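Asker: Using only what follows, build the 3D model:
(3 chains)
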Amino acid sequence: MKWVYIVSITILVILMFIFQWPKIKTVEKNEKIAFITLTVLGWAIAIFYVIFPSMPSPAKIVDFTLMQISNIFRTLW
Amino acid sequence: MRRAIMIGVIFMAFVLLTGCWDRRETNDLAIITGVALDKNKEGQIELTAEIHSPGGSGNGSGGGEDNNQGGVQSTVLQIGKGSSIPEAIENLNEKLPREILWSHAEAIVISKAFAENGISDELDFFVRHPEPRLRSYVFISDGKAKEIMALRPSLERSVSEALIKLAESEVLMKATLFDLMEMLKGEQGAIVLPMIDKLSPEEGQLPSESIAYIHRSAVLKQGKMIGVINDQISRGVLWFRNEINESIVTVEPDEADEIISMNLIKGRTDLVPEIDGQSLKMTVKIVTIDDVIQNQTSWDLKRLDKLKALENELVQKIEKCLTDTLDTVQKEMKIDIIGFGEEFRRHHPKKWKKIKGDWDEKFPTVQVDFDIDARVLRAGKGSET
Amino acid sequence: MIEKGKISALQMGLLMYHAILATGILFIPATVFNVAKQDIWISPILASPLGFLSVYIAYKLNKYYPKDTIMQYSKHILGTFWGKMLGLLLLLLLITSLSVMFWQYGEYVVSEFLPHTPKSVIIGMMVILCAFAVHGGLEVLGRLAGMVFPVFFLLFLVIIILVLPDVEVKRMLPVMENGLMPSLKGAWVLCTWFAQFGIIYFFLPFLTDREKGLKFGMLSVLVVTLTLVVTNIIVIWLFGNVTENFNAPFMSASRYISLAEFLSHLESIVMAIWIAGTFIKLCVFYYVVVIGTAEWLNLSDYRSLVLPMGFLIGVFAMQVFLNSAEAAEHFRIVSHEIMDTLVYGLLIPIFLLIVAYIRKTIFKHKVRRTN
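Answerer: Got it, this is the predicted structure:
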C-alpha cells in the first residue's frame, strides 16, 4: 500500500515542478536552488512520513523544546 | 495549446465536482423522527426508532411493532438492541437498508424503568453526536417507551409529531435536551421531565388508537428517576421556575357558591433569596395578569370592589397552589427542582459556597414568603344575571 | 524590496482581524470556559492589552527600519549571523504554527461536516487554494480580506440576532463568582490568540499609508476584542453551564436557532463564514512564511517558493498529530503552559526592540543601512 502513496506523492511533486519551473526566470539562480531544495526536502519528508508514520512532527518537536526551555526558566526562578 | 489545457481543466472540473465522499441523497436516508429508549429484562438497551416512511411506498418494511391498520401510515418502527446506545444504533443500522439521519429526531421518549437506572451516561450520545438537535424534546413514559411509539395518533402524522405538539402547547411541563443538560449541570442535578401516560382505549378502539398525553411530571435526581408529581404540583413548579405560560385558574369565592374561571395572559416570577446568618429566606414575587373567561356567579365584575375581591381570590388560589407544591417538593421529596439553589448561588455567591455542601439538609428549611400581585384586566362581556 | 504590491492600512487591519478571529470565534468560548466559567466575556478585555502591546512593538521596530520586515532588520540589529539564526527560529515557529492551523481546519471540517472525506483531500484543497491566493501577492490578499470581512461580519450579526430570542441574561450571574482569578486565567489562554498580532511586522513595511499603520493595527485589536466579548456573552447567555459540552459553542448556537419552525439548522452559515475567515487566516500565515523564507534566503522573488512550501506544510499538517489526545496535549501546552505564538509574536520583537534601542540611543551607533 505504501508504494501507492510514494508514487502519488512523487507524481504530485513532479506536477508541481512542471508547473513552477518554467515560470522562474533564467537569471534567478538562487531562486532555482531554493525551489529545488525545498521541493526535494518536501518530497523526502513526505516519503519519510509515509515509511515511518509514527514519527513526531515538527510541531511536537517545537512543543517539546519550548517545554524544556520553560522548565529551565522555572527551575531558575 | 493554452485553449486545449483550459478545456481539459473544465472537463476535469465536471468529473471532480460531481460530489464528494460525504454525499447524501434524500432517497438514501432513513430519517428518524423519534426515538424511544427501553431497558429489557437482560439489561440491554432497546432503541426504538420511528422512521419517516416516504410516501407509504416502503410500507411495512420493518419488523417490530409495525401496525398497518390505521390507514396511510407515514412512519415505520424499527428496534435496535445493544448494551449501549451506539451499539443499539449499530444493531438498528444492520436492519435498515438506508443510512440513518438523526437531525430530525425531535422527540426522545425514555421509559420509566430506564430512567430509574440513570440517564446521564446515555444522554452523552445525544449531546456528543453532531446531528441530534439540542431542541429535541425529552419525555419519560410511564410504561414501555416503545408502546408509546407504537401508537397511531389520529390528528398528527406520527407519535413524535403529536408529542412535539404536546410539548409546544406549553400547557404542562416541557423539557428539551438542552434544558435537560442544563439541569444536570446545575447545582443540584435535579431534573423535572414531562411524563407521558397512555389513555386506556375506549370501547371498540384498537389499543394503538389510544392517545398519549402529558399529565404528570417525573422527578430525577443525579440522572435517576426518584418520583412523580401530579399536574397541580407540576404547575406549581412551573410557577416557581418562571416557565408558566398557559394556565386556567378557577376560583370559588366563599360568598358566591359558583365558580369563576380565568385565563392566564401573563405570569412572571422573580425569586429573591436572602441569607441572614444561618436562616435562609426566599421571597417569591409573582406578577400575573388574567382574563375572566367564565363567570357562573352573580358577581358583577364591572364593579371595582368585586374585581378587587376577585383579584384577592386569585392571589389566594395561586398561593395555595404554590404552598401545596412546596409541601410536596420541599418537605416531602426534599429535592430542589424549583431552582432555589441556583438563585442563592447567583445572588449570594460568597455565602452560597458555605451552604452549598449541605444544601440537601438546608433546602427543606428555606423559609418562603409570597408576594403575589394578581390583576384581572378584562372581565369579559358575559351575562349579568 | 521583495514585495512590489502595497496594501492600505485598512486592508492590513482586516487581514489581521481574520488572522486572529477565524479560529478564535469557534474555539475560544469553550477553551476559555474551562477556566473562566461564566466570566468568559471578561477575559478578552483583560487579554487585549497584550494585542495592543504586540502591535505597538511591531510599529516601533518599523519606525526604526521603515522599509524592512523582521527578517531584514533582525540582521541589522543583531548582526548577520545572529540575525539569520533568529530568522530561522522565527520561520520554524511560524511553519509549525501554520501546519497546526491547517490541521485544525482539516480536523474540524472532517469531524463536524464531512466525516467520510479523507483529511488529506480537505487539507490539500485548502493548501492549493491558499497557494493561489498567496501566489497573487499581498495586494490580492488585502482585497480578499476586504471582500470577506463585510460578509463575515454581516452573517455574524445575523446569527447573533437570531440567537437572541433564546438567551437568558441570568445565566451570566454571578459575575466574578470566584473573584478575578478565573477570568485572568482565561485571559492567559487568550494570549495565544492576541500574541499572533505580532506578525503584523511582516505587513507594516508594505503599507501605502504608513502613518496610519498604528491606528488601524490598534483598531483591529479593538474590533477583535469586541467581537470576542460579544461572542462570549452570547454563548454564555445561551448555554450557561452547558458551554463546556461543546467543542465549538458558536457552531452549536447556530444549530440551536429555530425561528418560527422553518428558520433552523443554520450551521451551514457559520461554516461558511468560518471557512471564509479561516481561508484568510491561513493565507496570511502562509504568505508570512513564504515571504519570510524568501527574505531569509535573500531571494528577489518569493513566488517560486509558494508551491514547494505549501507542499511541505501540507505534509506537516497531515502528520502533525496522530490522534486527538496528542492534539489536546498540544493545545493544553500552548494555551496554559508556554505559547509558541507568544515567542514569535511578542518575545522576539521585544528582544529586538530592546537591542535596537540600546544600539541606536545609548551607543549612538549609526547602524549601517543596506537597503
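Asker: Strands of the stretch 201-350 of chain B, residue ranges please.
Answerer: Ranges of strands in the stretch 201-350 of chain B, per DSSP state E, counting those that start in this stretch, are B:212-221, B:224-229, B:248-251, B:260-276, B:279-295.
Asker: Next: the stretch 151-300 of chain C.
Answerer: Going by DSSP E, counting those that start in this stretch, the stretch 151-300 of chain C shows strands at C:258-259, C:263-264.
Asker: So for chain A, which of those strands sits nearest?
Answerer: Among the strands of the stretch 151-300 of chain C, the nearest to chain A by CB to the nearest CB is strand C:263-264 (38.2 Å). Just so you know, the C-beta spots here come from the backbone N, C-alpha and C atoms, and that holds for glycine as well.
Asker: Now that closest one: average pLDDT?
Answerer: When pLDDT is averaged along strand C:263-264, the result is 69.
Asker: between the strands of the stretch 201-350 of chain B, which gets nearest to B:E161?
Answerer: strand B:212-221 (11.4 Å; CB to CB).
Asker: phi, psi of B:E258?
Answerer: phi -90, psi -180 (degrees, to the nearest 10).
Asker: list the contacts for it?
Answerer: B:252, B:296-298 (CB atoms under 8 Å, 6 or more residues apart in numbering or on different chains).
Asker: Need the per-residue pLDDT for the closest residue to chain A within the stretch 251-385 of chain B.
Answerer: As assessed by CB to the nearest CB, chain A sits closest to B:K353 within the stretch 251-385 of chain B, at 31.6 Å. With respect to pLDDT, B:K353 has a value of 78.
Asker: give me the low-pLDDT residue ranges for chain A?
Answerer: A:77 (pLDDT under 70).
Asker: same deal with chain B?
Answerer: B:14-23, B:54-73, B:128, B:130-132, B:170, B:187-188, B:201-209, B:256, B:379-385.
Asker: just the stretch 201-350 of chain C next, same as before
Answerer: C:260-262, C:264, C:335-338.
Asker: Pull up the residues of it that are close to chain A.
Answerer: Selection of the stretch 201-350 of chain C residues close to chain A by CB under 8 Å from any CB of the partner chain yields C:293-294, C:297-301, C:303-305, C:307-309, C:311-312, C:315-316, C:318-322, C:326, C:330, C:333-334, C:337-338, C:340, C:343.
Asker: per the record, what domains does chain B have?
Answerer: B:24-229, B:243-385 (automatic domain parsing).
Asker: So which of those is the most surrounded?
Answerer: Comparing the domains of chain B by mean neighbour count (mean count of other CB atoms under 10 Å in any protein chain shown), domain B:24-229 ranks first with a mean of 18.
Asker: Quick one: end-to-end distance for stretch B:38-49.
Answerer: 11 Å (CA to CA, to the nearest Å).
Asker: Spatially nearest residue to the closest residue to chain B within chain A (excluding sequence neighbours)?
Answerer: Of all residues in chain A, the one sitting closest to chain B is A:F19 (11.2 Å; CB to the nearest CB). For A:F19, ignoring the flanking residues on the chain, the nearest one in space by CB to CB, 6 or more residues apart in numbering or on different chains is C:L307 at 7.0 Å.
Asker: Now name the helix or strand holding the one you found.
Answerer: In the assignment (DSSP states H and E), C:L307 maps to helix C:303-319.
Asker: Tell me where chain C has helices.
Answerer: Here chain C has its helices, by DSSP state H, at C:9-36, C:42-64, C:70-78, C:80-112, C:119-136, C:138-163, C:181-195, C:213-239, C:249-256, C:267-296, C:303-319, C:324-332, C:340-342, C:348-357.
Asker: would JSON lines of the ones you listed with distance to B:M183 and mean neighbour count be doable?
Answerer: Shown next, in JSON lines, are the helices of chain C (distance: least, CB to CB, whole Å; neighbours: other CB atoms under 10 Å in any protein chain shown):
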{"stretch": "helix C:9-36", "distance to B:M183": "18", "mean neighbour count": "25"}
{"stretch": "helix C:42-64", "distance to B:M183": "26", "mean neighbour count": "22"}
{"stretch": "helix C:70-78", "distance to B:M183": "53", "mean neighbour count": "24"}
{"stretch": "helix C:80-112", "distance to B:M183": "26", "mean neighbour count": "19"}
{"stretch": "helix C:119-136", "distance to B:M183": "37", "mean neighbour count": "19"}
{"stretch": "helix C:138-163", "distance to B:M183": "21", "mean neighbour count": "18"}
{"stretch": "helix C:181-195", "distance to B:M183": "23", "mean neighbour count": "22"}
{"stretch": "helix C:213-239", "distance to B:M183": "13", "mean neighbour count": "21"}
{"stretch": "helix C:249-256", "distance to B:M183": "17", "mean neighbour count": "25"}
{"stretch": "helix C:267-296", "distance to B:M183": "25", "mean neighbour count": "22"}
{"stretch": "helix C:303-319", "distance to B:M183": "41", "mean neighbour count": "25"}
{"stretch": "helix C:324-332", "distance to B:M183": "28", "mean neighbour count": "14"}
{"stretch": "helix C:340-342", "distance to B:M183": "39", "mean neighbour count": "22"}
{"stretch": "helix C:348-357", "distance to B:M183": "49", "mean neighbour count": "18"}
